[in-house]
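using only what follows, build the 3D model:
(2 chains)
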Protein chains: 2
Amino acid sequence: MQRFWVTSKGFKYSVNVGRGAWRVFRDFPQDCYSAILVLTEAHLWERWGKGFLRESGIKNSQPLFIPSGESSKSVRMVETVGAELLAKRADRRSLLVAFGGGVVGDLGGFVASTYMRGIDYVQAPTTVLAQVDSAIGGKTAVNVGAMKNLLGTFYPPRLVLAEPEVLTSLDERSFRSGFFEVLKHAILAGPRLFSELEERASKLVPKQAQNLGGLLARAAKVKVEVVSRDEREADLRRVLNLGHTFAHALEEASSYKRFLHGEAVGWGILIVSRLAELLGLLDPAERVRIARLVRQTGSLPGLRGVRASRILDLLPQDKKAVAGRIHWVLPERIGKVRISDQVPMNLVETAFREVQRGGGHD
Amino acid sequence: MQRFWVTSKGFKYSVNVGRGAWRVFRDFPQDCYSAILVLTEAHLWERWGKGFLRESGIKNSQPLFIPSGESSKSVRMVETVGAELLAKRADRRSLLVAFGGGVVGDLGGFVASTYMRGIDYVQAPTTVLAQVDSAIGGKTAVNVGAMKNLLGTFYPPRLVLAEPEVLTSLDERSFRSGFFEVLKHAILAGPRLFSELEERASKLVPKQAQNLGGLLARAAKVKVEVVSRDEREADLRRVLNLGHTFAHALEEASSYKRFLHGEAVGWGILIVSRLAELLGLLDPAERVRIARLVRQTGSLPGLRGVRASRILDLLPQDKKAVAGRIHWVLPERIGKVRISDQVPMNLVETAFREVQRGGGHD
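Numbers count the residues shown, from 1 in each chain, chains lettered A, B, ... in the order given. Got it, this is the predicted structure:
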C-alpha cells in the first residue's frame, strides 16, 4: 500500500492506495464523531460491506443506500440523502463515508459539503476511475438535467482509502473503462507510467485487480501532485481535463447511454491527440503510440451517428470554458501537455471527423 | 452611509449600510465579469430594479426571478436557478447579485457557492432582517422539507449593499419583524444600541425607513464584528443564535405559517430571557426591560395551541445541537450572553409555558 498526502491551503489529507488501504481507517479518530453514515449502493454493500467494516474497524455505522447509476447524481438525491441523514440523527459532528464509485463519491462529497453547512467525509472509492481520479482532490458535483457536474463544491475529504481488491467484482467493461483515466494520467506523467500501462493494458482483468495496487497508486499519485499544487481549477489543474472536453460532449450527445465516462475519455484522448498533431504540436509517432494504447486499454463503443455539429455545439458549454472560449488540453508528447484557448474550430471539427471516420484506428 | 469590513481567513469584503449604499458598486470591477445576473423577485424588481441599476451603475445585467416566499428556498429551486444561469450562459466568471430578502440572499448565496463549483456574488438585501443579519457573514442555505437551512455552505459574498430606502415599500408587519433581529443584536451589543432601539421602537414605520440608516448600520456592525472573528459556527458565532433555538422550533411547529421569522425570534428572546432568569443568570429587571422592548418592537402572533411537548421535541433537531445537546444562548444582562449546554429540560419547558401563558407580558 502506498500513501500520498494532498496538501493545500488550510488542509491536508492522505490518499492510501493498495492492498490494506481500508485498514488505514483504524488510525482515524472515529470516536470523535457522533455517528458514522456510509453512503453506498446496496449491491456493493452486500458484497463488500462486511469486509470493509472488518478491515476498517468502523464501529456503529449505518449504511444509507442510493440507486446505482448516474441518475443518482442529482439535486433531488442530495435532498433525499440530506433528509435521510437527518432522520438518522446525523449532526455536524457526524462522519459520512462515501463507499462506491464516482457517483457515490461525487454525490457524497456534495452532501457532506452542504449538510448542516459541512460535515467531515471519507472517500472509499470502489472503481478504477474513482480510485485514481475522482475520489482525489475534493471536487464534488451533481448534474442538472443533461449538464454534468453543473453544481458542486470544492471540499476536501479527510481521508481517501483505495483498496484494489474491491475492483475484482466489477464487470470487465466498467473495469477497463477506468483505465482510460489511468492512461490520461500516464500521458500527463510521462514515459515510465505510460510504458507500464502499455505492458499491462491488454492483460487487465478484474479478477486480478488485487495485483494492480502499484499501478493504481502511481496513477493516483499524478492526481495527488496536481491537486496539491492547485486545489482550484484556475490554472494547473486544467491539465486533468485532458480528453474531457470532448468526453463530456460525447456523453451528453448520447444522453449518457452509449459511453461509460472512461470510454468517452478514451475517445476524447484520441481526438485531442489528433488535434494536437494537426496543430503541429504532437509528433505523429507519439500520436500513434497514444492511439495504440487507447485501443489496448479497451474497445470503445463506436461514434456512428454522432453528428459533428451537435458535438461542436456542446463543447463551449463545458464549464471550464470562460466566456465561451475553450481551454484545450493538448498533448505535446508523452509527459507534456499544453493548454491553449486559441484553437481554430475548423481544426477541432477536422480532428473529430477524422477520428470518427477512422474509428480510432490510425 | 457606513462601511464595515468583514475579514476572515483568506477573504475580506465590505458591508455598506445606509443611504447611497448601492452606489458603492460603482467602484466594483464589474468589467472583470463575463455576465451579471440579478436573482430577485418580480414585484421587487418592478419597484426598485431601475433605481438599483441606475444607482449601482450595473451594465448589461439580466434579472432572474424566483417566486416570493420561503418555499423558494428549496433544493428544487437551486436546480431551477442553476439551469436558468446555464441557459443565460453564465460561466465561472459570471457574477450573481442577490437582490431581495433572506430567501433571495440565502438561496442566491447557495447557488453562487455551487454553480460550477462557485462564482462570485453580491448581496443587495432589501429587508430589515437581511440588511442587519442574513446578508452578512457568508452563510447560505436551503430548506429540506420542514427542516430549515438543512443544506448550506459558508461562502462569503464580494460585497454587501444595504440601502434603507428600499425598505419603504415593505408592509408594516414584515418591516417590524426585522427589528426583532435588531433587538437581538442590541442585547448582544449592549446598552447604547438597546437604548436607541427603546427610543425608536414604537415609531418604526416603513415610510420613514430612509432615516434608519444609522440604526441599521449599528445593528449590522454587531454581526460584522462577530463573523469577522469567527467565520464558522464553532464558537463565538453561536451568540448570534440568541432566540433562534426556540424560533426555529416555533416556525416548524406552525409549518412556517403563523410567524414571520423575526416574530419567532421575538418569542425566542422572551423565552430564553425567562429561562435565563429562572437559571438565576439574568436579573428580573433586565428581563422585564427586554420583554418590554420586544413588545414595543411589534405585536407577536399568539402562541395559542402550540403544544409545549411538540416544541421541546423539535428543539434538539436544531443543527447547532451537537449529539443531541442544545447550546443555549442565555442573556446575562443587556450586552452579555452566556452559552450553556447544561440547561435542564424541565426549566426549558417551564420558561416556554410561562411565556406562552403570559402572552409575552411580564
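
low-confidence ranges, the stretch 51-200 of chain A, go.
Regions of the stretch 51-200 of chain A meeting the criterion pLDDT under 70 are absent.

what parts of it come near chain B?
Proximity of the stretch 51-200 of chain A to chain B is assessed by C-beta under 8 Å from any C-beta of the partner chain, with A:75-76, A:78-79, A:82-83, A:86, A:89, A:91-93, A:110, A:113-118, A:139, A:141, A:144-145, A:147, A:150-154 identified as the residues in range. Using the backbone N, CA and C atoms, a C-beta is placed for each residue, glycine as well.

any of those buried? List them.
For these, burial is judged from neighbour counts taken by 16 or more other C-beta atoms under 10 Å in any protein chain shown, and it is met by A:75, A:78-79, A:82-83, A:86, A:89, A:91-92, A:110, A:113-118, A:139, A:141, A:144, A:147, A:150-154.

restricted to strands, list those.
Secondary structure defined by DSSP state E assigns A:K139, A:A141, A:V144, A:M147, A:L150, A:L151, A:G152, A:T153, A:F154 of those to strands.

assumed A:Q342 was part of a helix.
No: looking at A:Q342 with DSSP: H, G, I helix; E, B strand; the rest coil, it is coil, so not inside a helix.

ramachandran coordinates for A:L260?
When quoted as degrees, to the nearest 10, the phi and psi of A:L260 stand at phi -70, psi 160.

OK, contacts around it?
Listed by C-beta atoms under 8 Å, 6 or more residues apart in numbering or on different chains, the contact partners of A:L260 are A:R173, A:S174, A:S177.

so how far is chain B from it?
Using C-beta to the nearest C-beta, to the nearest Å, one gets 23 Å for the distance from A:L260 to chain B.

please apply the same query to A:E41.
For A:E41, the distance to chain B equals 22 Å [C-beta to the nearest C-beta].

tell me who's in contact with that residue.
Neighbouring residues of A:E41 by C-beta under 8 Å, 6+ apart: A:F65, A:I66, A:P67, A:S68, A:G100, A:V104.

cutoff 6 Å now
A:E41 is in contact with A:S68, A:G100, counting by C-beta atoms under 6 Å, 6 or more residues apart in numbering or on different chains.

next one: A:S113
Applying C-beta under 6 Å, 6+ apart, we find A:S113 in contact with A:T140, A:T153, A:Y155.

now do the helices in the stretch 151-300 of chain A.
With helices called from DSSP state H, counting those that start in this stretch, the stretch 151-300 of chain A shows them at A:172-189, A:191-200, A:213-229, A:244-253, A:261-278, A:284-297.

hmm, who's touching the fifth one?
Residues outside helix A:261-278 that contact it (C-beta under 6 Å, 6+ apart) are A:129, A:177-178, A:180-181, A:243-244, A:246-247, A:250-251, A:282, A:284, A:287, A:290-291, A:294, A:300, A:330-331, A:347, A:351-352, A:354-355, A:360.

for that helix, C-alpha coordinates in CSV please.
Extracted in CSV, the C-alpha atoms of helix A:261-278 (Å, rounded to 0.1, in the frame of the first residue of the first chain):
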residue,chain,number,x,y,z
HIS,A,261,-17.3,8.0,-18.7
GLY,A,262,-13.9,6.4,-19.2
GLU,A,263,-14.7,5.3,-22.7
ALA,A,264,-15.8,8.9,-23.6
VAL,A,265,-12.4,10.0,-22.2
GLY,A,266,-10.7,7.4,-24.4
TRP,A,267,-12.4,9.0,-27.5
GLY,A,268,-11.5,12.4,-26.1
ILE,A,269,-7.9,11.5,-25.9
LEU,A,270,-7.9,10.2,-29.5
ILE,A,271,-9.5,13.4,-30.7
VAL,A,272,-7.3,15.9,-28.9
SER,A,273,-4.2,13.9,-29.8
ARG,A,274,-5.2,14.2,-33.5
LEU,A,275,-6.0,17.8,-32.9
ALA,A,276,-2.5,18.4,-31.4
GLU,A,277,-1.0,16.6,-34.3
LEU,A,278,-2.9,18.8,-36.8
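
what's the burial count for the closest residue to A:T350 other than its chain neighbours?
The spatial neighbour of A:T350 that comes closest, neighbours along the chain excluded (C-beta to C-beta, 6 or more residues apart in numbering or on different chains), is A:L278 at 6.3 Å. The number of residues packed around A:L278, counting by other C-beta atoms under 10 Å in any protein chain shown, is 18.

ditto for A:L161
The criterion is other C-beta under 10 Å. On that basis, A:L161 has 29 neighbouring residues.

give the contact list for it.
For A:L161, the residues meeting the contact criterion (C-beta under 6 Å, 6+ apart) are A:N16, A:A21, A:W22, A:V24, A:A124.

out of those, who's the most crowded?
Highest neighbour count within the contacts of A:L161, by other C-beta under 10 Å: A:A124, with 33 neighbours.

that one and chain B, how far apart?
A:A124 sits at a distance of 23 Å from chain B (criterion: C-beta to the nearest C-beta).

let me know the secondary structure of that residue.
Each residue gets one of three states, and A:A124 gets strand by three-state DSSP.

wait, it touches A:G100, no?
No: A:A124 lies out of contact with A:G100 (C-beta atoms under 6 Å); the separation is 7.9 Å.

give me phi/psi at A:P156?
Note on A:P156: its backbone torsions stand at phi -70, psi 140 [degrees, to the nearest 10].
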